[in-house]
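Visitor: Next input, structure requested:
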Amino acid sequence: MHPAIMLFDILFLKAGRCKYWIEKRPLLLILLALLSIFAGCAKPYTPPANFSPLPSGTHITCAHPFSALEAGTLHLRQTVIWKAGERVQVMQGIMLLDGQRKQVRLLGLSEIGIKLFDLTVGGDVHEVHLLAPVLGPARELLARQVAQSVRRVFLTYPEMETAQAFVGPGSVILADHTGDGNLVLECSPPGEPVRRVWSPDQRWEIDLDDYSLMNDITLPGRIVYQDHRAGYVLTIILHEVFEP
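Guide: From the prediction side, this is the model:
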């Protein structure tokens, strides 16, 4: 018997269901059913042991720093360090962040000013205007990774209105379930800017620190984005924020 059928048989026997269903269905349907079972088994987020749940309905906010830009458009000047294994790429980034349209135009330059890429990133898609050949044969993959990181760092402003709140020593965690699994925010103390955002299911995390006033907006001077699935770390040093 095919191993997938055996596994499916075991799962359904445990549920008290009939083996006849398995034996009469094509293998493809069995595999699709397995994927459906595992996709529906995302576990609720479990906080660290020193965090205690607050009563349901307790309203606590963690202010996402870039949500303050929703009504306007700003330029951001950055140094970006991209690291994957032993490979390190240092770039200068110039970003036009349109908070109202939730869209970013991002230009990446080498340390000596050579244009490496030019992308427009939206909530669901990105458009490539330029990818320099010097980026190598994996430049299309690099563009997708950059777009994904930009989307998660700068364009995702979770309101967390239905989130479960947990309080711990010196900080609060908000956890909510989205279409991509659990999304978790941490701020300290409550109401202060977010210090960390992560998805335990998608295996990415963002750390934000060195907050200061930039053009009268409190923004993080240092952002570290880690994508554990893709295997890279993106460090963003924010130097300047100004109006276009």
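Visitor: So which bits of the lengthiest helix in the chain are buried?
Guide: Using DSSP state H, we find that the single longest helix of the chain is helix 139-154. Buried residues in helix 139-154, counting neighbours by 16 or more other Cβ atoms under 10 Å, are found at 139, 142-143, 145-154. Where C-beta positions appear, they are placed from N, C-alpha and C, glycine not excepted.
Visitor: The residue most central in space within the chain and Pro200: what is the separation?
Guide: By Cα atoms, centre = their mean, the chain has its centre lying nearest to Arg152, at 4.0 Å. Distance, Arg152 to Pro200, using Cβ to Cβ, to the nearest Å: 14 Å.
Visitor: Likewise for Pro133?
Guide: Going from Pro133 to Pro200 by Cβ to Cβ gives 38 Å.
Visitor: What of Ile223?
Guide: Counting by Cβ to Cβ - Ile223 and Pro200 are separated by 19 Å.
Visitor: who has more neighbours, these two?
Guide: Ile223 (23 against 16; other Cβ atoms under 10 Å).
Visitor: mind checking pLDDT for the residue nearest to that one when sequence neighbours are not counted?
Guide: Leaving out its chain neighbours, the residue that sits closest to Ile223 by Cβ to Cβ, 6 or more residues apart in numbering is Ile236, at 4.2 Å. pLDDT recorded at Ile236 is 97.
Visitor: Test my guess that Ile236 contacts Arg222.
Guide: Yes. Using Cβ atoms under 8 Å, Ile236 is in contact with Arg222, at 7.2 Å.
Visitor: neighbour-wise, which of the two wins?
Guide: Ile236 (24 against 13).
Visitor: follow-up on the earlier one: determine how far the longest helix of the chain lies from the middle of the whole chain.
Guide: Distance, stretch centre to chain centre, for helix 139-154: 10 Å (Cα atoms, centre = their mean, to the nearest Å).
Visitor: I'd like the next helix or strand past that helix.
Guide: Once the chain leaves helix 139-154, the next helix or strand it forms, by DSSP states H and E, is strand 164-168.
Visitor: buried sites along that next one?
Guide: In terms of neighbour count (16+ other Cβ under 10 Å), strand 164-168 has its buried residues at 164-167.
Visitor: need the contact list for Asn182.
Guide: By Cβ atoms under 8 Å, 6 or more residues apart in numbering, the residues touching Asn182 are 42, 44-45, 175-176, 199-201.
Visitor: ditto for Val167
Guide: Counted by Cβ under 8 Å, 6+ apart, Val167 has contacts 51-52, 54, 173.
Visitor: can I get the CA coordinates of the longest helix of the chain in PDB?
Guide: Provided in PDB are the C-alpha atoms of helix 139-154 (Å, rounded to 0.1, in the frame of the first residue of the first chain):
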ATOM      1  CA  ARG A 139      18.000  38.300  -9.000                       C
ATOM      2  CA  GLU A 140      14.300  37.600  -9.600                       C
ATOM      3  CA  LEU A 141      14.200  35.600  -6.400                       C
ATOM      4  CA  LEU A 142      16.000  38.400  -4.600                       C
ATOM      5  CA  ALA A 143      13.400  40.900  -5.900                       C
ATOM      6  CA  ARG A 144      10.600  38.700  -4.500                       C
ATOM      7  CA  GLN A 145      12.400  38.500  -1.200                       C
ATOM      8  CA  VAL A 146      12.900  42.200  -1.000                       C
ATOM      9  CA  ALA A 147       9.300  42.900  -1.900                       C
ATOM     10  CA  GLN A 148       8.100  40.400   0.700                       C
ATOM     11  CA  SER A 149      10.200  42.000   3.400                       C
ATOM     12  CA  VAL A 150       9.200  45.500   2.400                       C
ATOM     13  CA  ARG A 151       5.500  44.500   2.500                       C
ATOM     14  CA  ARG A 152       5.800  42.900   6.000                       C
ATOM     15  CA  VAL A 153       7.900  45.700   7.500                       C
ATOM     16  CA  PHE A 154       6.400  48.900   6.000                       C
END
